[in-house]
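K.L.:
got a predicted structure plus its sequence, pasted below:
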Amino acid sequence: MFTQARKRGRPAKNKTIQPVVTFDASSVKLFRGTDLKFNDALFQPLKTKREIDYVLSTEGGLMPGTNMVLVGGPGSGKSTLALDWLSDYTKRGYKCLFVSGEMDEIAHYKYCKRLPKFGCVETLFLKNYAENVMETLEFIFNKGYDVIAIDSIAEVIEMVKDNCRMTEGAAESWFLGLQDRMKKGANDKGYYTTFINIQQVTKQGEFAGSNRLKHMTDAMAHIERSKDGTQRSIYFSKNRDCDKDDKMYFVITNDIIHYSYGSVE
């Protein structure tokens, strides 16, 4: 838990508040695997009933309580792929949320006009709540969701940092901590929420996030697009829910994403 350091007198303008971590020794607990108790719902995969299920987990589908990062360059299809999954899950009765930190209502409306199947996905336009971004996210996430996609995690962390006068590290710690609580079922409905965190790559094609973000995730999926733009693919460099090492190719059309299956060379 973070507490803010306070000083007497008038606070300086635009001064970043540095969080002070208080240590409570009584909160430290050790566990054996036999001590841990979770609902069997953790082992029931969310299925789209399409080819993509086979690379998401060994069980064939997206596993509950998973923190995934979806990495790719601009225009590679990250948002489109995440919304494609969410729309399939929504139509199959799962509770899903798309958090847009980049698009507003008009941009999203145009997006759904091009790809109508995305219109069923519940969406939060976070820019509308920039002054209360932390409270908004905590309130919405606490309602309980099967899957939440964040577009993008860097944009959300930046909003928290700027509007809550935090360092980038503190903002990232808060947001990852919130996701960790939700994936463990600490929400009003007890959902083991799976998060799909969309993240850009650098010009050199390297992961642009922090090492902490990279190591705290359960799965890291990479989207690649050919230079001529005609071929896209997705593969996992890390996936604790899957023992396969396969690449899935996909093509974006106006009605659906078409997948084809192949092995990583």
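P.N.:
Happy to help now that I have it.

K.L.:
which of the helices or strands spans D255?
P.N.:
Using DSSP states H and E, D255 sits within no helix or strand.

K.L.:
hang on, I meant F98
P.N.:
Residue-wise, F98 maps onto strand 96-100 under DSSP H and E.

K.L.:
beyond that strand, next helix or strand please.
P.N.:
Next element after strand 96-100 (DSSP H and E): helix 105-114.

K.L.:
hmm, who's touching that following helix?
P.N.:
Taking contacts as CB atoms under 8 Å, 6 or more residues apart in numbering, the residues outside helix 105-114 that touch it are 83, 100, 103, 118-119, 123, 125, 254. The way it works is simple: take the backbone N, C-alpha and C, and place the C-beta from them, glycine included.

K.L.:
roughly how far is it from the heart of the chain?
P.N.:
21 Å (CA atoms, centre = their mean, to the nearest Å).

K.L.:
now swap in stretch 59-77 and tell me
P.N.:
Per CA atoms, centre = their mean, the displacement of stretch 59-77 from the mean C-alpha position of its chain is 8 Å.

K.L.:
gap between the two ends of it?
P.N.:
Length of stretch 59-77, first residue to last, CA to CA, to the nearest Å: 25 Å.

K.L.:
quick check: buried residues in it?
P.N.:
59, 61-73, 76-77 (16 or more other CB atoms under 10 Å).

K.L.:
the bottom helix or strand of the protein by mean pLDDT?
P.N.:
Among the helices and strands of the chain, strand 2-4 carries the lowest confidence by mean pLDDT, DSSP states H and E, at a mean of 45.

K.L.:
once you drop chain neighbours, what's closest to I196?
P.N.:
A149 (4.2 Å; CB to CB, 6 or more residues apart in numbering).

K.L.:
convert the C-alpha atoms of stretch 169-176 to PDB, please.
P.N.:
Taking Å, rounded to 0.1, in the frame of the first residue of the first chain, the C-alpha atoms of stretch 169-176 are listed here in PDB:
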ATOM      1  CA  GLY A 169       7.000   3.600 -11.700                       C
ATOM      2  CA  ALA A 170       4.400   4.300  -9.100                       C
ATOM      3  CA  ALA A 171       1.600   4.500 -11.700                       C
ATOM      4  CA  GLU A 172       2.700   1.200 -13.300                       C
ATOM      5  CA  SER A 173       2.900  -0.500  -9.900                       C
ATOM      6  CA  TRP A 174      -0.700   0.700  -9.000                       C
ATOM      7  CA  PHE A 175      -2.100  -0.500 -12.300                       C
ATOM      8  CA  LEU A 176      -0.400  -3.900 -12.300                       C
END
